[in-house]
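1. coords below, sequence missing:
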């Protein structure tokens, strides 16, 4: 069995199949494992440049982490959150910031409409939703307009779109948005810290999970081995990477759909698959970390959690190890405003965003680091696919439909927690089960 | 100088640069030159599976063909055309079939509205059109709805969309459609035989032009050399293909934008380029040829040119060498209905389409051949990009903007006859001129 990609999906598949006694070979194009989980370092502390958080019902990745003895810690959220909106910073509690009463009522209405709609979409077959064609015919933005969202509601949904799919609301199909939220268990689950997807994180970073899983697999994982060609023949497949050719009965391709374009299939995939890969683009999202001597905002009663309409940093979290220091702020940065800046300018902009939220102390970090997923060859982009209008109804049924001995994994192909580390693990396990049943 | 791709764009660039005395190396991923020009064979006669026709104002490809002494012949169009519409076949003359008077008036109005709109779009900077955001915010289909196109007009525009971009009207941005038509010189130029893009063809096929150009370049063209990596450094670039690494001051990447995803750039391209490549998908179009003892339809007074709403073959042309035989029908087939069929079934469907237009004699060919561009790894798809809403206004300014020593060619980057062989030649010449000015 050959597995293409040593992200969470590929490694989860390899682990399951190995445990069942099958031979596996995992070919990874990068010089590291983890895929969109990448733990860098800021002020000597681990800093997740990709997937970071974990929360309730993400049982697949939690179980994997537990087996590998990687502990979680709660996301810090004592104190006041801050929203910076139209130039004014205001504290608030919980997930929804303090807006005017009219603003809050509009958000409440929109949430209700969105959730009702999401519940109408069958996760495993969104193209079968009653209004599938209508919903897939419009972007999230067009939907917001059609339900007359207020400007504040629109801005909040835009922030959700940026952080969730790495795109503006006009870049993602409403059917995808609704399905995605349902796959996460609803808006609260997706957006919240308490009892939501941001509830916990891994103190040592998420990539260690991949590294430990890869260590167990040992020589079965080959780095610097981008796969160039997958040939099907009577007995299975020949998978050719920069490290040579491998024969196998099956191959699991555990990479983002958009990156499938980079592999030559021979005989060619059915043409619809080629089209799918060209219509399932990744979003783009960047991250900035600043480390300080202490988490000074905590002393002032702030949680470190913020929302901002100023940019380029538009959401922050406190990922400090403890109260005494160092203090670490993590910010999600709007790639479109951020990525094209030179390094010094990115640092400047991010620190000024932090300062607009927490005061001028934020301008003097002891360390700073950022990462732009849009420069990543293998992602390509991030955090996950920003599926445009039309793609689910046209190509959705093929997203993970095997082609002979070729099976598909990757978080984009998951039914639960699509786009998350948990979805990646589940997709790998599902593909392993498919193949296992045929062996 | 390294050139990636030995299609018409890459070869035109190589030719110009060589004539100016520069060293070039053309790396081609396929085992042949020509790109989306591929001449197969039916009943021993050349049959163009890709680019076929040439017409007035396509001066770049005409000049290249003349220099290489490749003659053109007129497209046969004596006799009656046929339209098969809602089950009934009717003869007509010219480009626009005989519909009801109301139908003709509606088509005339739509053409007028479309042309007026196309004239408002600056070809070299469509994002600067006065209504650029509005036009790029809707698909051709949404535009047709907004101007209340009749069902017949809609069907005719759908046929144009399928044959021009390889997509349904909901797959292409109205801004792209308008710009594309303007780049061809208007709807008549684009659609007509007489004085239009289908006026002539090359008796020996289009690929011979590429073959002759490549023969002149000799060992400078390397086949089976898919480019994997382009590294920029102080002195220029290192381009690594399956045939090894090459150093050069500049590289011209002459491949479809969608296929840029398959090349690793180091340092990475600015992230917007990665996004562009994921938002400039190719369409999908297929072709079927049937050869008969004679062009029997000619004897019955038919030109061989037809339009059909039945499918999968929806447009036909007579490409027979002469009246005495063999007779050769070329049909454009709707890839979505055609490509997934097994070979025998494709033949059956295509022949029955021909028979519905020309009678049962068409069921007994002496030879048959088809080609599905959706199965082509390097195209990927065809005939050209079906640019969806949003892409031109977001990414258009980068489409051919060089990144340091990396320059861009390919018919999608052309200002005149974008999507045609002529646009490909022009794009290669433009990229060669860019680089030449820097040498």
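-> Alright, I've got the coordinates. Quantities reported herein were computed from a predicted structural model and do not represent experimental measurements.
2. same for the helix or strand hosting residue A:213, what does it pack against?
-> Residue A:213 belongs to helix A:207-217 when elements are defined using DSSP states H and E. In terms of contacts (3 or more CB pairs under 8 Å, 6 or more residues apart in numbering or on different chains; DSSP states H and E), helix A:207-217 is packed against helix A:8-19, helix A:59-67. C-betas here are computed from N, CA, C, even on glycine.
3. please redo it, this time with the cut-off set to 7 Å
-> Of the remaining helices and strands, those touching helix A:207-217 by 3 or more CB pairs under 7 Å, 6 or more residues apart in numbering or on different chains; DSSP states H and E are helix A:8-19.
4. tilt between the helix it packs on and helix A:207-217?
-> Relative orientation of helix A:8-19 versus helix A:207-217 (axes from the mean of the first three to the mean of the last three CA atoms, to 10 degrees): 30 degrees.
5. how many neighbours does the closest residue to residue A:156 other than its chain neighbours have?
-> Ranked by CB to CB, 6 or more residues apart in numbering or on different chains and with sequence neighbours excluded, the top spatial neighbour of residue A:156 is residue A:107, at 6.4 Å. Residues contacting residue A:107 under the criterion other CB atoms under 10 Å in any protein chain shown number 19.
6. go on, residue A:148?
-> The number of residues packed near residue A:148 is 11, by other CB under 10 Å.
7. For it, which three-state class applies?
-> Recorded secondary structure, residue A:148: coil (DSSP: H, G, I helix; E, B strand; the rest coil).
8. hang on, the earlier thing: work out the gap between the helix holding residue A:213 and the centre of the chain.
-> In terms of CA atoms, centre = their mean, to the nearest Å, the centre of helix A:207-217 is set 19 Å apart from its chain centre.
9. And the next helix or strand past that helix?
-> Once the chain leaves helix A:207-217, the next helix or strand it forms, by DSSP H and E, is strand A:221-222.
10. What pLDDT does the model give the residue nearest to residue A:156?
-> On the pLDDT scale, residue A:107 is placed at 88.
11. same thing with the one 3 residues further on?
-> Among the per-residue scores, residue A:110 shows a pLDDT of 93.
12. Let me see the contact set for it.
-> Residue A:110 makes contact with A:147, A:149, A:153, according to CB atoms under 7 Å, 6 or more residues apart in numbering or on different chains.
13. Roughly how far does it sit from residue A:387?
-> Counting by CB to CB, to the nearest Å, the gap between residue A:110 and residue A:387 amounts to 21 Å.
14. Equivalent analysis for residue A:128, please.
-> With the distance defined as CB to CB, residue A:128 ends up 16 Å from residue A:387.
15. Which of the two has more residues huddled nearby?
-> The residue with more neighbours, out of residue A:128 and residue A:387, is residue A:387; 31 against 12, by other CB under 10 Å.
16. Leaving out the residues flanking it, which one is nearest to that one?
-> Closest residue in space to residue A:387, ignoring its immediate chain neighbours: residue A:176 at 4.0 Å, by CB to CB, 6+ apart.
17. How much space separates that neighbour from residue A:412?
-> Using CB to CB, we find residue A:176 at a distance of 10 Å from residue A:412.
18. Who has more neighbours out of the two?
-> When residue A:176 is set against residue A:412 and neighbours are counted by other CB under 10 Å, the residue ahead is residue A:176, at 27 against 23.
19. residues making contact with whatever helix or strand the more buried one lives in?
-> Using DSSP H and E, the element containing residue A:176 is helix A:174-183. Residues outside helix A:174-183 that contact it (CB under 7 Å, 6+ apart) are A:114, A:117-119, A:121, A:123, A:126, A:129, A:132, A:135-136, A:138-140, A:143, A:187, A:190, A:387, A:392, A:415-419.
20. With stretch A:194-212 instead?
-> Residues external to stretch A:194-212 that are found in contact with it (CB under 7 Å, 6+ apart): A:8, A:11, A:33-34, A:37-39, A:46, A:48, A:51-56, A:64-65, A:68, A:70-75, A:184, A:188-190, A:192-193, A:319, A:321, A:420-421.
21. Out of those, which sit inside helices?
-> With helices taken from DSSP state H, the overlap with the contacts of stretch A:194-212 comprises A:8, A:11, A:64-65, A:188-190, A:421.
22. Most neighbours among the residues you listed, which one is it?
-> With neighbours set by other CB under 10 Å, the maximum within these is found at residue A:8, which has 35 neighbours.
23. For the helix holding residue A:176, give the mean pLDDT please.
-> Averaging pLDDT along helix A:174-183 yields 98.
24. Same check on stretch A:250-268?
-> The predicted model assigns stretch A:250-268 a mean pLDDT of 96.
25. Pull up the distance across that stretch, start to finish.
-> The separation between the terminal residues of stretch A:250-268, taken as CA to CA, to the nearest Å, is 16 Å.
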